[in-house]
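Q: Okay, structure incoming, though there's no sequence with it:
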Ligand code: A2P
């Protein structure tokens with residue numbers, strides 16, 4: 001007979017709303033920024049640009065997992081699910097998540113959702129994707145999706161950061177994507193990478209709001225306009241609350257209208273998730 005007090009505690013199992021997946025790789029960009037990829041369950045479907053809940057099984061002594069919303073950085077057809085994350089030393093999730101290694105267990109929510117998707121913007125000529133910090137993540141997905149290049153003549157990826165070393169995925173946008181078997185050829189002709197740094201010297205400096213208001217962005221891109229054009233320009237925004245608020249207010253003065261899944265528009269926005 002087994003003494004129940006000696007029996008091991010029952011193993012924790014994920015809820016019906018979560019998959020238990022495995023870490024495939026981890027890449028640390030800086031002491032504040034890292035990327036990782038996990039296995040993708042066969043049943044898991046999402047649209048490029050969507051976000052999903054990501055978490056870790058409870059730590060010893062805890063009963064509940066901690067989950068946070070993360071934009072999926074890989075495109076909708078990719079075999080693995082990739083994420084870009086900040087590291088917050090006392091963050092409830094990222095204080096632990098930053099230490100994950102290949103083979104570790106990660107929880108994946110079953111219901112991806114979001115508005116930074118091609119379905120939520122009306123047809124147009126140019127697609128501007130403006131992300132600050134980890135707000136680049138959904139655009140890593142959209143810019144690697146062939147639909148972005150068939151729907152738009154030009155795809156502009158703007159990444160705004162404080163310091164040069166936070167320009168994660170610079171190699172992807174300056175080199176690797178042009179060799180991608182699926183979008184490489186289109187990217188060579190249609191993709192423009194537009195990085196900017198605000199707190200140290202770099203080839204381009206300043207906040208997107210200032211680069212747009214001054215007209216510099218349009219001049220840099222060789223466009224014969226000083227404002228966004230509601231007829232041709234479509235915009236996706238992802239970053240801090242202040243960033244998306246200020247950018248939305250600015251582009252509304254150019255006549256662009258916010259869209260959603262239910263009613264596609266000229267621009268869409270989402271907050272980049274932190275913590
Ligand atoms: P800045 O260095 O001038 O604050 P953060 O890490 O705070 O999210 O910032 C990421 C990037 O976004 C930084 O380059 C920052 O510029 C810029 N940024 C922050 N807030 C705004 C805003 N309200 N409008 C435009 N750019 C912003």
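A: Ah, there it is. These figures come from a predicted structure and were not determined experimentally.
Q: burial count for residue 21?
A: Taking other C-beta atoms under 10 Å as the criterion, the count of residues near residue 21 is 21. Where C-beta positions appear, they are placed from N, C-alpha and C, glycine not excepted.
Q: Correct me if wrong: it contacts residue 106.
A: Yes - counting by C-beta atoms under 8 Å, a contact exists between residue 21 and residue 106, whose distance comes to 5.3 Å.
Q: Could you name every residue contacting both of these two?
A: Among the neighbours of residue 21, those also in contact with residue 106 (C-beta atoms under 8 Å, 6 or more residues apart in numbering) are residue 38.
Q: Ignoring the adjacent residues along the chain, who's closest to residue 123?
A: Excluding its sequence neighbours, the residue lying closest to residue 123 (C-beta to C-beta, 6 or more residues apart in numbering) is residue 151, at 6.7 Å.
Q: again, but for residue 235
A: Leaving aside its chain neighbours, residue 235 sits nearest to residue 267 (3.9 Å; criterion: C-beta to C-beta, 6+ apart).
Q: Is the one you found bridged to anything, and to what?
A: residue 235, residue 258 (DSSP bridges).
Q: what's the spacing between it and residue 138?
A: Residue 267 sits 14 Å away from residue 138, taking C-beta to C-beta, to the nearest Å as the criterion.
Q: Could you tell me which residues touch both of those two?
A: Residues touching both residue 267 and residue 138 (C-beta under 8 Å, 6+ apart) are residue 236.
Q: Between those two, which has more neighbouring residues?
A: With other C-beta under 10 Å as the criterion, residue 267 and residue 138 differ in neighbour count, and residue 138 comes out ahead with 29 against 25.
Q: What strand or helix carries that one?
A: Here residue 138, judged by DSSP states H and E, is contained in helix 137-142.
Q: chain center to that helix: distance?
A: Counting by C-alpha atoms, centre = their mean, to the nearest Å, helix 137-142 is centred 5 Å from the centre of its parent chain.
Q: cool, and stretch 36-47?
A: When distances are taken as C-alpha atoms, centre = their mean, stretch 36-47 is centred 15 Å away from the chain's centroid.
Q: what does stretch 42-53 give?
A: Taking the mean C-alpha point of stretch 42-53 and that of its whole chain, the gap between them comes to 12 Å (C-alpha atoms, centre = their mean).
Q: mind checking which helix or strand residue 155 is in?
A: Following DSSP H and E, the helix or strand that holds residue 155 is strand 154-161.
Q: Strands of the stretch 1-150 of the chain, start to end?
A: The residue ranges that make up the strands of the stretch 1-150 of the chain, judged by DSSP state E, counting those that start in this stretch, are 18-30, 33-39, 51-56, 66-71, 80-86, 105-109, 126-132.
Q: can you check the stretch 151-275 of the chain too?
A: Along the stretch 151-275 of the chain, the segments classed as strands by DSSP E, counting those that start in this stretch run 154-161, 191-197, 233-239, 267-271.
Q: Is stretch 119-133 in proximity to the ligand?
A: Yes - applying C-beta under 6 Å from any ligand atom, one finds that stretch 119-133 is in contact with the ligand at 132-133.
Q: returning to that earlier point: check which helices and strands the helix holding residue 138 is in contact with.
A: strand 66-71, strand 80-86, strand 126-132, strand 154-161, strand 233-239 (3 or more C-beta pairs under 8 Å, 6 or more residues apart in numbering; DSSP states H and E).
Q: Just put these in CSV and tack on mean pLDDT and mean neighbour count.
A: Rendered in CSV, the data for the helices and strands packed on helix 137-142 read as follows (pLDDT from 0 to 100; neighbours: other C-beta atoms under 10 Å):
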stretch, mean pLDDT, mean neighbour count
strand 66-71, 95, 22
strand 80-86, 97, 22
strand 126-132, 98, 25
strand 154-161, 98, 24
strand 233-239, 98, 27
